[in-house]
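[1] dropping a prediction and its sequence here:
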Amino acid sequence: MYSVFFLVVICASIATSTNSNLLSIVVIARHGDRTPTAFAPLDPYKDAKYWPAERGELTNKGILREYHLGKWLRQKYSDYLSPKYMKHDIYVRASSMDRCLMSAASSMAGLYPPTEDQMWNPKLHWRPVPIHSRPMQEDTLLEMAIACPRFEEMYQDLLQTKDFKRIDTLNANLYSYLSKNLGVKIESFTDIEPWYDTLRVEALNNMTLPNWTKPVYQEMKKWSELSFQVPTYNKDLARFATGPFFNVITNHFLAVSSNNTEDTMAKNLFFTGHQTNICDITNTLEHFRSAPYASALIFELRNNTETSKPFVRLLYKTEEGAEVLGMRDCNLDCDLQDFLKVVEPFRMNKTQVEKECYAMKSI
């Protein structure tokens, strides 16, 4: 069982004692601030007049936050990255949802401002960077819950098990209270998350929350965070939720460490997805993080200059700063072969995904 009912917090200094050279980075970031994706019938702020964009769309604050993420990456890796965008230097992919595509574009604006020879408009200090994507129904890397019927089936089956039904039984009074005040029926702790998220976004936008939220807001937060840990509650679910990503990073790091550039899309990879992507990866690695807007995981592949052995270091970046995260029972500077052993039980290649996502259980 993974770290579902409590958060494991391990912080470490970004600076470590290992002398190393950077070989590659793989970044997976959450999109920036957005408007709520849904409004309950009794929500006082459900009218579009209160919001700067349509439901679920990136806001100016979100654009700026992603731009700053790109600038932070440029500053941190200025001695490593190409000073200007080059096709071989980075491959960028985003979920096909508008907020993710726009977030990726904003991050790239901060990461790759045009050099003098790249300027095409003296009044616009910006240059487009290619961003790749897949339709949501086909995107098993960033949209597994939508693209993989078997994963969704396993998730729903888990919610019907005794332990999770017991949570719902114990929360009956909370569910009744929320149903009455939201105007929607709450039957499971997973039903709370979208409405807590809406309240949180409203609070972030300086809107006064209704008085009824005061006694239950923290309780809603607790069950919302649990709902982000359920998709990786056991190994079988974690394999679907993170397996395609771990397959990509495994193949990429193996190719880079062996100087096999023909098997890589670029020297570095950058993905923009959702809160659940970061939650799934960190919970599978047994160091869950809740992934605020524009947070990012940065997998660094480094070469130990003393031993000539490659190793992996994982950073978790938020606006508060960056920390080194552990990866299950591996060292913070995790030998590449040890890292591969950590992720191998969860790894799913394209053939496995295509076969298993549509292998529904017998009824």
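    Arrived safely.
[2] could you find the closest non-adjacent residue to Ser103?
    For Ser103, ignoring the flanking residues on the chain, the nearest one in space by C-beta to C-beta, 6 or more residues apart in numbering is His31 at 4.0 Å. The way it works is simple: take the backbone N, C-alpha and C, and place the C-beta from them, glycine included.
[3] surely that neighbour touches Pro292?
    No: taking C-beta atoms under 8 Å as the definition, His31 is not a contact partner of Pro292, at 11.0 Å.
[4] more crowded one of those two?
    Between His31 and Pro292, counting by other C-beta atoms under 10 Å, His31 is the more crowded of the two (29 against 16).
[5] roughly how far apart are that one and Met86?
    Distance of His31 to Met86, computed by C-beta to C-beta, to the nearest Å: 25 Å.
[6] just give me the longest helix of this structure.
    For the chain, the helix that runs over the most residues, judged by DSSP state H, is helix 235-257.
[7] low-confidence ranges in the chain?
    Within the chain, the ranges that satisfy pLDDT under 70 run 1-18, 360-363.
[8] so what pairs up with Arg34 in the strands?
    Beta bridges link Arg34 to Leu58 when assigned by DSSP bridges.
[9] name the nearest residue to Pro231, sequence neighbours excluded.
    Leaving out its chain neighbours, the residue that sits closest to Pro231 by C-beta to C-beta, 6+ apart is Ala241, at 4.9 Å.
[10] quick check: that neighbour vs Glu153, distance?
    14 Å.
[11] ok, those two, which is more surrounded?
    With neighbours defined as other C-beta under 10 Å, Ala241 and Glu153 compare such that Ala241 has more, 28 against 14.
[12] surely the more buried one meets Met154?
    No: using C-beta under 8 Å, Ala241 makes no contact with Met154, being 10.0 Å away.
[13] all strands of the stretch 51-200 of the chain, in order?
    Ranges of strands within the stretch 51-200 of the chain are 90-94, based on DSSP state E, counting those that start in this stretch.
[14] for Lys221, give me its contacts.
    196, 200 (C-beta atoms under 8 Å, 6 or more residues apart in numbering).
[15] distance check, it against Phe164.
    Using C-beta to C-beta, Lys221 is found at 19 Å from Phe164.
[16] can you check Leu340 too?
    33 Å.
[17] and Ala241, by the same measure?
    17 Å.
[18] go on, Pro122?
    Pro122 is 59 Å from Phe164, by C-beta to C-beta.
[19] when these two are compared, which one has more neighbours?
    A count of neighbours by other C-beta under 10 Å puts Phe164 above the other of Pro122 and Phe164, at 17 against 6.
[20] report the contact partners of the closest residue to the more buried one other than its chain neighbours.
    The shortest distance from Phe164 to any non-neighbouring residue, by C-beta to C-beta, 6+ apart, is to Leu158 (6.6 Å). Contacts of Leu158 were listed using C-beta under 8 Å, 6+ apart, and they are 164, 230, 233-234, 237.
[21] over to Pro36?
    51, 55-56, 197-198, 201-202.
[22] nearest to Asp335, of those?
    Asp197 (38.6 Å; C-beta to C-beta).
[23] the closest one contacts Ser224, doesn't it?
    Yes: counting by C-beta under 8 Å, Asp197 touches Ser224, with 6.9 Å between them.
[24] how many neighbours does Pro52 have?
    The criterion is other C-beta under 10 Å. On that basis, Pro52 has 12 neighbouring residues.
[25] revised request: answer the last question for Lys185.
    A count of neighbours around Lys185, defined by other C-beta under 10 Å, yields 10.
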